[in-house]
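1. Need a 3D model of the sequence below.
(one chain, ligands or ions: 1)
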Amino acid sequence: MASTMIVVKVGGSAGIQYDLVCEDIATQVQAGRQVILVHGGSHEMDVISEKLGKPPRVLTSPQGYTSRYTDSETLDIFAMVYAGKMNTRIVERLQMRGVNAIGLSGIDGRLLEGPRKATVRAVENGHQIIVRDDYTGKVEKVNTALLRMLLEAGYTPVITPPACSTEGEAINVDGDRAAAMIASAMGARQLVILSNVPGLLRHFPDESTLIPHIRYAELEQSLTFAEGRMKKKVLGASEAIAGGVAQVVFTDARIAQPIQAALDGKGTVIEK
Ligand code: ADP
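-> Model (predicted):
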């Protein structure tokens, strides 16, 4: 069973063609593959936050990783956008194509669980600050029994942050790293990470500098090419492979049949 299962993460950046992604998921499911879809919503979140008069604030860690500052009010908007609009619309697209998709956020049934960070270190204007009212954390545990039950009953899970803290609070977590945890916990062979770029670019945004293949041992080095949110994708890829996933592929979600393209090795393929 595990060999025919794939975990697909579709990002939330501008330009992603959800219709193309859902069309391809329908094809894969009809071909007998079990698909678990994890999605983001960053662009929509930024747009709605602005509209609600609460513009996004980005925290940069001392290591250079960026994350969304998520106080309680931000988390409300986050739940509305990710678990509300984005999740429902993706499930709708799949239902319209004959896929019995079921939407879940990570807090449902403690699907994605991990500790909330008590404090978050960030660098602002060259100074280190400590943020204490951030509802963020990292997924350490996946409710695989729940996912297996759904897959065996013929449902296609569509999963989104927030996750569930050990104390039961809703927390914001990185979607790429959550997808990596799901893929390794479920024993998936492949993790496909779809975004609005063709893959990892040596010189972003020059698409002719796509890196077609990266060995696990070279991943650390590849981090130097990744800027901003791409860094977390590379980190997620590395965690997935360390967790037993054979192959992680970064592919463009602006093309037709993006998942098939990834399975055919188009984009950036990362392997041991
Ligand atoms: P998503 O929301 O789709 O998951 P992100 O916005 O988190 O995607 O990450 C993808 C973005 O990373 C790209 O749109 C691009 O702006 C940025 N990026 C930074 N460095 C690179 C790189 N070296 N190669 C590709 N993309 C990069």
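
2. okay, CA-based contacts and neighbour counts for the rest of this
-> Will do.

3. got the residues of this structure near the ligand?
-> For the chain, the contact set with the ligand under CA under 6 Å from any ligand atom comprises 11-13, 42, 195-197, 199-204, 225-230.

4. let's see 8 Å
-> Residues of the chain found near the ligand (CA under 8 Å from any ligand atom) are 9-14, 16, 40-43, 175-176, 193-205, 210, 225-233.

5. any idea where the helices of the protein begin and end?
-> Listed in chain order, the helices of the chain (DSSP state H) span 18-30, 42-51, 72-78, 87-96, 144-152, 175-186, 219-222, 230-242, 258-263.

6. if we can go back for a sec, among the residues of the chain next to the ligand, name the buried ones.
-> The neighbour-count criterion (16 or more other CA atoms under 10 Å) marks 9-13, 16, 40-42, 175-176, 193-202, 210, 226, 230-233 among those as buried.

7. Go through these and flag which are in strands.
-> 9, 10, 193, 194, 195 (DSSP state E).

8. my guess is the fourth one meets residue 12, correct?
-> No - judged on CA atoms under 8 Å, residue 194 makes no contact with residue 12 at a distance of 9.4 Å.

9. before we move on, the earlier item: which stretch in the helices of the chain has the least confidence?
-> For the helices of the chain, the stretch scoring lowest in mean pLDDT is helix 219-222; its value is a mean of 91.

10. wait, what's in contact with the closest residue to the ligand within the chain?
-> Residue of the chain nearest the ligand, by CA to the nearest ligand atom: residue 11 (3.1 Å). Contacts for residue 11 (CA atoms under 8 Å, 6 or more residues apart in numbering) come out as 39, 40, 41, 42, 175, 193, 194, 195, 196.

11. Reformat those residues into JSON lines and put distance to residue 271 next to each item.
-> Conversion of those to JSON lines gives the following (distance: CA to CA, whole Å):
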{"residue": "39", "distance to residue 271": "23"}
{"residue": "40", "distance to residue 271": "24"}
{"residue": "41", "distance to residue 271": "27"}
{"residue": "42", "distance to residue 271": "27"}
{"residue": "175", "distance to residue 271": "20"}
{"residue": "193", "distance to residue 271": "14"}
{"residue": "194", "distance to residue 271": "17"}
{"residue": "195", "distance to residue 271": "19"}
{"residue": "196", "distance to residue 271": "22"}
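
12. From those, pick the one nearest residue 113.
-> residue 175 (12.9 Å; CA to CA).

13. so the closest one makes contact with residue 160?
-> Yes - in this structure, residue 175 is within contact of residue 160 by CA under 8 Å, at 7.3 Å.

14. pLDDT score assigned to the closest residue to the residue of the chain closest to the ligand other than its chain neighbours?
-> With sequence-adjacent residues excluded and distances taken as CA to CA, 6 or more residues apart in numbering, residue 11 is closest to residue 40, at 4.7 Å. The score at residue 40 is 96. That number is its pLDDT.
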